[in-house]
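*Asks:* Please work out how this folds:
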Amino acid sequence: MAPVAVLTDKAPKPIPQLSQAVKYNGMVYCSGSLATDPKTGGFVEGTVKDRTRQCLKNLSAVLEAAGSSLNNVVKVNVFLTDMKNFVPMNEAYDEFFTQEPKPCRTCVAVYQLPLGADVEVECTAFETVNAKL
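*Replies:* Numbering: from 1, shown residues only. Okay, the predicted model is just below:
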């Protein structure tokens with residue numbers, strides 16, 4: 001089985017160098033998501049908490065297009081340009097990941113992110129298994 005690119009207009013259009021996600025062998029590997037509004041193409045206003053929410057909304061849309069969901073996420077990577085944003089990022093994160101077990105996660109501070117973003121989130125999930133009777 002060959003890898004399959006995922007593309008949905010419910011999330012920001014990817015740059016030509018990448019896919020929103022790639023499905024392979026029952027897994028969905030999502031590219032990093034910035035806090036871009038898919039309708040306007042610009043960053044959402046507000047705080048890092050608001051921007052984390054938008055990152056996760058974008059990832060949710062990509063996962064749904066891939067036949068998965070945030071409930072199927074097994075690994076998350078969060079990139080912040082300043083660790084002082086760790087608490088507000090976690091507050092938004094906790095709104096989306098409410099089921100047990102929680103995904104494994106890494107959060108790192110980086111020097112900078114594309115387009116001047118202050119948060120970027122990527123994840124890996126499994127495809128939803130449909131019961132076949």
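
*Asks:* what about the strands in the protein?
*Replies:* Remark: strands assigned in the chain by DSSP state E are 4-6, 21-24, 27-30, 73-80, 104-109, 119-126.

*Asks:* possible to save these as CSV with mean pLDDT and distance to K57?
*Replies:* (C-beta placed from N, C-alpha, C; glycine too.) Listed next are the strands of the chain as CSV, based on pLDDT from 0 to 100; distance: least, C-beta to C-beta, whole Å:
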stretch, mean pLDDT, distance to K57
strand 4-6, 97, 16
strand 21-24, 98, 15
strand 27-30, 98, 13
strand 73-80, 98, 14
strand 104-109, 98, 18
strand 119-126, 98, 10
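
*Asks:* Export these to TSV and append columns for distance to M89 and mean neighbour count.
*Replies:* Supplementary listing: the strands of the chain in TSV, determined by distance: least, C-beta to C-beta, whole Å; neighbours: other C-beta atoms under 10 Å:
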stretch	distance to M89	mean neighbour count
strand 4-6	25	15
strand 21-24	21	20
strand 27-30	17	22
strand 73-80	6	19
strand 104-109	7	12
strand 119-126	6	23
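
*Asks:* now the ones you listed as TSV including distance to V62?
*Replies:* Listed next are these as TSV, based on distance: least, C-beta to C-beta, whole Å:
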stretch	distance to V62
strand 4-6	6
strand 21-24	5
strand 27-30	6
strand 73-80	11
strand 104-109	18
strand 119-126	9
